[in-house]
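1. whatever this is, show me its structure:
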Amino acid sequence: MRTLIYPTHISKGAAVVLVTTLVAAIGLLETSCSRGQAANLDAPAQSAQSKAASAETTLELAASQLSSIKIEPVGSYRFLVEKDAVGSIDFDEDLSVPVFPAYQGTIIETFSELGAKVQKGQPLYTIKSPDLIQAESTLIGAAATLDLTNKELARVRDLGGVAEREKEQAISDQQTAEGALKAARDAVLVFGKTNAEVDQMIASRTIDPALVVRSPIAGKITYKVAQPGFLVQPGNPPAPYSVADVAIKWMLANVSETEVPFFHVGQPMQVNVMAYPDRVFQGKVSRIYETVDPNTHRVTIRSEIPDPSDQLRPGMLANFLIRVHDPVEATSIPANGVVREADGTMTAWVTTDRHKFSQRIIKTGLRSNDQVQVLNGLQPGELVVADGAVFLSNMLQAPPSD
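-> Next up is the predicted model:
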């Protein structure tokens, strides 16, 4: 109970008005404070409720709208853990041989065109070689010398009364000429001439300047710059021809440096090319290159692909697929039930009564055959929109109707 003291110079009526005003002001002040305290106490609860409401958006569909979606329970799927990359086909450079001549010369004639199949030992081109001409000249000279020494030895033997020293000299000269001819013959054979060709040169006393260059392996001509008159030298690129064994091809692909630990030499792989969409080529990883491209941060992986029918062509665009882990059994939903939102999050729509739907944030993992692995956010058996999830998400963006 408050005791109010009135001033002696204020009238009784004025005092009553003053007291009434003070009491009302005090009451309003207490009411305001109590409301403010209550508001502060309720703020965290209201904030939590608003966050919970914003974390899960709910839609209610009319019966006519339900035909636009498909509802299924969350199930599981056996995911294949695979890695893929795009690359290109190339010849196996380890089985590709540049065909240089053994001696310097100019090309006289070519016998095979680019892309032609050749056998081992098949002539590819001929050159006019000064070294061969010199060797054949020596051969013809040695043959002529041998003929002279043979005639001289025969003459000495036919004559009577010839000194023994002269006979010995004739025999020595003939033997020396035989040795010189044999050495000259071997020197010409080194150039690839046959014994029959050497015999023909000796008999006709003519020089054959054409040096035949043959294929060292059986395969396919993969490169050709040989033209008549073209000067070629041993080991001086470019080689006139290159021949490759095309039964094995390479596929070169670039993968992200973060994926390199998934690959190792000997891994089996499957290769597809656009030229044969229904054909799968089997191969294996043959090399993982050591360097990383500093601009793209990718690593080249080389694979060997058997191609006995020679169907693959260098430069063909190819895609490889490698299984890097055993299959994984995991919770999954169809890909059409997952929506990638504008902020990058993945969402799905869940229902309990097939009428009201709640949007839920999920975390996804592997994808295979239109199935998406769900790492968290959904439980097996929950009803989700398996087809038409985008339809529901679009409804959230639609402007409200009046």
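2. mind listing what's buried in stretch 144-151?
-> Using 16 or more other C-beta atoms under 10 Å as the test for burial, stretch 144-151 gives Thr145, Leu146, Thr149. All C-beta atoms are positioned from the backbone trio N, CA, C, and that covers glycine.
3. pLDDT of that stretch, averaged?
-> Mean pLDDT, computed over stretch 144-151, is 92.
4. for Leu231, give me its contacts.
-> Gln104, Gly105, Thr106 (C-beta atoms under 8 Å, 6 or more residues apart in numbering).
5. that older thread, looking at the buried residues of stretch 144-151, spot the one nearest Leu80.
-> Distances from Leu80 to those, taken as C-beta to C-beta, are shortest for Leu146 (78.4 Å).
6. which helix or strand contains the closest residue to that closest one other than its chain neighbours?
-> Spatial nearest neighbour of Leu146, chain neighbours left out: Ala177 (4.0 Å); criterion: C-beta to C-beta, 6 or more residues apart in numbering. Under the criterion of DSSP states H and E, Ala177 resides in helix 164-189.
7. what residues of that helix count as buried?
-> For helix 164-189, burial by neighbour count (16+ other C-beta under 10 Å) applies to Ala170, Asp173, Gln174, Ala177, Ala180, Leu181, Ala184, Arg185, Ala187, Val188.
8. okay, now the domains of this structure?
-> Following automatic domain parsing, the chain resolves into domains at 57-80+327-397, 97-122+218-244, 130-208, 245-326.
9. with distance to Ser88 added, can I get these in a markdown table?
-> Shown next, in a markdown table, are the domains of the chain (distance: least, C-beta to C-beta, whole Å):
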| stretch | distance to Ser88 |
| --- | --- |
| domain 57-80+327-397 | 25 |
| domain 97-122+218-244 | 15 |
| domain 130-208 | 38 |
| domain 245-326 | 6 |
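10. separation between Gln397 and His297?
-> Distance of Gln397 to His297, computed by C-beta to C-beta, to the nearest Å: 37 Å.
11. oh sorry, the question was meant for Pro238
-> 34 Å.
12. who's more crowded, the two?
-> Pro238 (14 against 11; other C-beta atoms under 10 Å).
13. and that one, that's in a strand?
-> No: per DSSP: H, G, I helix; E, B strand; the rest coil, Pro238 lies outside any strand segment and is coil.
14. got a pLDDT number for Glu197?
-> We have a pLDDT of 89 for Glu197.
15. three-state assignment of it?
-> helix.
16. surely it touches Asp208?
-> Yes: between Glu197 and Asp208 there is a contact at 6.7 Å, judged by C-beta atoms under 8 Å.
17. so who does Ala187 touch?
-> Applying C-beta under 8 Å, 6+ apart, one finds that Ala187 lies in contact with Ala135, Thr138, Leu139.
18. of those, which is the most crowded?
-> Leu139 leads those on contacts (other C-beta under 10 Å) with 25 neighbours.
19. just the pLDDT for the nearest residue to it once chain neighbours are set aside.
-> For Leu139, ignoring the flanking residues on the chain, the nearest one in space by C-beta to C-beta, 6+ apart is Ala184 at 4.0 Å. At Ala184, the model reports a pLDDT of 94.
20. and what of Met251?
-> So Met251 comes in at 94 (pLDDT).
21. which element follows the strand or helix carrying it toward the C-terminus?
-> Per DSSP H and E: Met251 is located in strand 248-256. Per DSSP H and E, the first helix or strand lying C-terminal to strand 248-256 is strand 268-273.
22. wait, a helix at Cys143?
-> Let me fix one detail, which is that residue 143 is Ala and not Cys. Yes: if the criterion is three-state DSSP, then Ala143 is within a helix.
23. how near is it to Arg302?
-> 55 Å.
24. now do Thr194
-> Distance, Thr194 to Arg302, by C-beta to C-beta: 42 Å.
25. which stretches of the stretch 101-250 of the chain have low pLDDT?
-> For the stretch 101-250 of the chain, the stretches with pLDDT under 70 are 161.
26. surely Val372 touches Thr364?
-> Yes: between Val372 and Thr364 a contact is recorded at 5.2 Å, counting by C-beta under 8 Å.
27. comparing the two, which shows the higher neighbour count?
-> Between Val372 and Thr364, counted using other C-beta under 10 Å, the more crowded position is Val372 (23 against 18).
28. residues in contact with the more buried one?
-> Neighbours of Val372 in contact, by C-beta under 8 Å, 6+ apart: Ser332, Ile333, Pro334, Ala335, Gly337, Val338, Thr364, Gly365, Leu366.
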